[in-house]
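A.B. asks: requesting a structural model of the entry that follows:
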Amino acid sequence: RFFCCFLLALLAVCSSAHYEWEEQAVDVSTQIISFTLALPQRNTQILNRLLEQVSDPTSPSYGQYMSPQEISALVSPPMSHLHRVEQWLRSHEGITFRALGDAIRVSAQVQHVERMLNIRIRSYRHLSTVILRAKERVITPPPGVEFVAGLTEFPLPPTTINHKVSKRTQQSSVDPWDKTDVIVPQTLYHMYNISSKLLTQQEHFNFGEIGTKAKTVLAQAVIEFYKHAPSKKDLSGFQNGTNMHNIGKYSKVVGPFNVGDQWGEQTLDVEQIMSVARGVPTWYWTVENGWMYDFTVNFNNMTMVPAVISISYGWTSVLECKIPLFNPECKRLGVNSEQYIKRTEIELQKIALRGVTVVVASGDTGAPGKPSSCFVSKTGMLLNPIWPASSPHVFTVGGTMATNATKLDPKTAPPACVGKWFPKCVKTCTEVVATTNNSAAQITSGGGFSVYNAQPKHQQKVVEAYLKIKGAVPSNHSLFNAKGRAYPDVAAFAHHFYIFYQGRRTYADGTSAASPIVAGMLALWNKERVKAGKPMLGMVSPRFYQLVSKDPTIVHDVTIGNNKCNGQQCCKIGYTATKGWDATTGFGSLNLGRIIHADSTLE
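C.D. replies: Purely as a prediction, here's the structure:
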């Protein structure tokens, strides 16, 4: 849910967007509406301890992931509690439901839901998207229910991409945007040590048979919070321009899939993850009318799930339930921002316990975390972390941009990089923090410290060292939560990507590109682990931090830049890149070849 004014569909990070949901004067009484009842959970401390054990490389339980049935049995409320809620549902006419352990998915005609919850439901439209939502600002949860999700929240539609298309003009000049260094898949292969051997799928390697009792298969997925999908024409154009193959051939699609109503975010995600992890099966997963809680509950109730997922969406943590324009405050759900996040964190823990790696973009509004100002006065802090980027249960990716670049040889470069009117594409470079400060970049790498989530043990040593570096963080530690989960973990390019969109080549910025790039690399790492008889990565952070401590050459340290700028201005405070881990680009970008070698030799 962050989107920058330039490209990202990351929700509501651009205050200049003016999206409106218009109420429709239509009779919806017989239409079907679905929503989720969140039930109380138990044994959450045990759940957290089990996750720590299966994620800790030094633990005897490392990699011993759990089945969805085992997880559900651990955290779900007693059957007596579930039966009481079910009995209440059955007492109302026309209600159908499905128990999901610690949640219940309800479907019914609008007229029946209105009577059951004493609300009014209307149809709302934005462009081609139509949803059913309650008019009431507050819904009182039924007895035995923590909150109701899916009736009051309005999704914020993603911005259309702001084209920066290079065109020949009458003066025979090139758009100034094209004069900066362009990133193509070949750039990623050179910079991140992704060898051709890793990109080749051996015919005897049957991905479909790989998995554990956790029902996690060796595959990767992009998670999109809209039903839109990239067009085949655009994916074909990207393939032809970059010499990629099989871009857009999904092994599985989950959720609504509307190719005819596309947005730039989905195009960027698919083009990046598929070009990085060629040969790894890719799922395309859409969440039409919900946010992170709805997605994670749905994910946890799928029989089979992909091992690596990429999420390029997010929003300011303390304002998680007050997205601009529609104000879907969490009190409408019966909870506040912290409670909503805490509940969803448990769902993320359950995902990790199945051996799934969740990769998330760090955001595009720097340390301020909000594009329209340098602070959010109600929080008491001047630096505002993004969520789910600041979740301790995800692997968060910041953004870099290229300086001092060498170019791909025109003789071997892909068509997108060759010709008088085409840009020169990067082969190698020095990566610095992506920032709007005195650069052509449209975004600034997000990073900082969580407001609600404690700092995990595996990162405490590197964060403590960072906090001691003079000038690295604001001298007044009351401006941020120095004990909170620190992010990002790593970084990747987030500026000036070549993409093909709406029938033409264009360029895009965003950590929403960095996230699927890293997700693709982790999918390749997973493939090598499975071939070697090792468990899949799951919550990868503890293992990754351990490997960096033993072999720093597995990353390219980014030591230049800061993230003091947001989407519209540069602020006085933020975080600065330093040697080692920092709150702008984490440990830096990945050296995948070295990572796989270190993982195979270091214990």
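A.B. asks: longest strand in this protein, by residue count?
C.D. replies: Longest strand in the chain, counting residues (DSSP state E): strand 395-407.
A.B. asks: any buried residues in the helix or strand following that strand, and which?
C.D. replies: Scanning forward in sequence from strand 395-407 by DSSP states H and E, the next helix or strand is strand 426-433. Neighbour counts over strand 426-433 (16 or more other Cβ atoms under 10 Å) mark 426, 427, 429, 431, 432, 433 as buried. Just so you know, the C-beta spots here come from the backbone N, C-alpha and C atoms, and that holds for glycine as well.
A.B. asks: on the three-state scheme, residue 491 is what?
C.D. replies: strand (DSSP: H, G, I helix; E, B strand; the rest coil).
A.B. asks: was I right to think residue 191 contacts residue 408?
C.D. replies: No. The criterion here is Cβ atoms under 8 Å, and residue 191 misses it with residue 408 at 11.4 Å.
A.B. asks: overlap of the contact sets of those two?
C.D. replies: Here residue 191 and residue 408 have residue 426 as joint contacts, going by Cβ atoms under 8 Å, 6 or more residues apart in numbering.
A.B. asks: tell me which residues touch residue 142, please.
C.D. replies: So residue 142 contacts 37, 85, 88, 117, 148 (Cβ under 8 Å, 6+ apart).
A.B. asks: against residue 149, how distant is it?
C.D. replies: Distance of residue 142 to residue 149, computed by Cβ to Cβ, to the nearest Å: 13 Å.
A.B. asks: quick one: list the elements packing against the longest strand of the chain.
C.D. replies: Contact here means 3 or more Cβ pairs under 8 Å, 6 or more residues apart in numbering; DSSP states H and E; on that basis strand 395-407 packs against strand 357-361, strand 426-433, strand 490-493, helix 511-531.
A.B. asks: pairing partners for whichever strand or helix holds residue 23, with directions?
C.D. replies: Assigned by DSSP H and E, residue 23 falls within strand 22-24. Sheet pairing of strand 22-24 (DSSP bridges) gives strand 121-126 (antiparallel).
A.B. asks: quick check: next helix or strand after the strand it pairs with?
C.D. replies: strand 129-134.
A.B. asks: direction included, what does that following strand pair against?
C.D. replies: strand 121-126 (antiparallel).
A.B. asks: buried residues in the strand it pairs with, which are they?
C.D. replies: Applying 16+ other Cβ under 10 Å to strand 121-126 flags 121, 122, 123, 124 as buried.
A.B. asks: for it, give the mean pLDDT please.
C.D. replies: The pLDDT scores in strand 121-126 average 90.
A.B. asks: what's the answer for stretch 432-448, then?
C.D. replies: 92.
A.B. asks: then that stretch to CSV, C-alphas only?
C.D. replies: The C-alpha coordinates for stretch 432-448 follow below in CSV (Å, rounded to 0.1, in the frame of the first residue of the first chain):
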residue,chain,number,x,y,z
VAL,A,432,24.6,4.7,-3.1
VAL,A,433,21.4,5.3,-1.1
ALA,A,434,18.5,6.1,-3.5
THR,A,435,17.4,9.6,-2.7
THR,A,436,15.6,12.5,-4.3
ASN,A,437,18.2,14.9,-2.9
ASN,A,438,20.1,16.4,-5.8
SER,A,439,19.5,13.5,-8.0
ALA,A,440,17.1,12.3,-10.8
ALA,A,441,15.6,9.7,-8.4
GLN,A,442,11.9,9.9,-7.7
ILE,A,443,12.1,8.1,-4.4
THR,A,444,14.2,7.9,-1.2
SER,A,445,14.9,4.5,0.4
GLY,A,446,12.8,3.9,3.5
GLY,A,447,14.4,2.8,6.7
GLY,A,448,14.2,3.2,10.5
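A.B. asks: buried residues in that stretch?
C.D. replies: Result for stretch 432-448 [16+ other Cβ under 10 Å]: buried residues 432-436, 439-448.
A.B. asks: then stretch 236-245 to PDB, C-alphas only?
C.D. replies: Only the C-alpha atoms of stretch 236-245 are listed here, as PDB (Å, rounded to 0.1, in the frame of the first residue of the first chain):
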ATOM      1  CA  SER A 236       6.300  -9.700 -24.400                       C
ATOM      2  CA  GLY A 237       7.700  -6.200 -25.100                       C
ATOM      3  CA  PHE A 238       9.900  -6.500 -22.000                       C
ATOM      4  CA  GLN A 239      11.000  -9.900 -23.000                       C
ATOM      5  CA  ASN A 240      12.000  -8.800 -26.500                       C
ATOM      6  CA  GLY A 241      13.800  -5.700 -25.100                       C
ATOM      7  CA  THR A 242      15.800  -7.500 -22.500                       C
ATOM      8  CA  ASN A 243      16.300 -11.000 -24.100                       C
ATOM      9  CA  MET A 244      14.400 -12.600 -21.300                       C
ATOM     10  CA  HIS A 245      12.300 -15.700 -21.700                       C
END
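A.B. asks: and it, how far out from the chain's middle?
C.D. replies: Chain-centre distance of stretch 236-245: 25 Å, with Cα atoms, centre = their mean, to the nearest Å.
A.B. asks: kindly report the same for stretch 113-121.
C.D. replies: Centroid separation between stretch 113-121 and its chain, computed with Cα atoms, centre = their mean, is 34 Å.
A.B. asks: same question, stretch 459-478
C.D. replies: So, by Cα atoms, centre = their mean, the centroid of stretch 459-478 is 26 Å from its chain's centroid.
A.B. asks: quick check: mean pLDDT across it?
C.D. replies: Here the average pLDDT along stretch 459-478 is 95.
A.B. asks: can you get me the start-to-end distance on that stretch?
C.D. replies: Criterion Cα to Cα, to the nearest Å; first-to-last residue distance in stretch 459-478 is 21 Å.
A.B. asks: next one: stretch 121-140
C.D. replies: Stretch 121-140 end-to-end distance (Cα to Cα) = 15 Å.
A.B. asks: three-state assignment of the residue nearest to residue 546 when sequence neighbours are not counted?
C.D. replies: What sits nearest to residue 546 in space, not counting adjacent residues and going by Cβ to Cβ, 6 or more residues apart in numbering, is residue 57, at 5.5 Å. Under three-state DSSP, the three-state class of residue 57 is coil.
A.B. asks: which elements pack onto the helix or strand of the chain with the lowest mean pLDDT?
C.D. replies: Lowest on mean pLDDT, DSSP states H and E among the helices and strands of the chain sits strand 315-316, with a mean of 80. Strand 315-316 is packed against strand 386-387, with contacts defined by 3+ Cβ pairs under 8 Å, 6+ apart.
A.B. asks: what is the strand it packs on packed up against?
C.D. replies: Counting by 3+ Cβ pairs under 8 Å, 6+ apart, strand 386-387 packs on strand 315-316, strand 448-454.
A.B. asks: list the neighbouring strands of the first one plus their orientation.
C.D. replies: In this case it means strand 315-316. In the sheet, strand 315-316 lines up with strand 386-387 (antiparallel) (DSSP bridges).
A.B. asks: quick one on the thing from earlier: how far off strand 357-361 does the longest strand of the chain point, in degrees?
C.D. replies: Inter-element angle recorded for strand 395-407 and strand 357-361: 60 degrees (by axes from the mean of the first three to the mean of the last three Cα atoms, to 10 degrees).
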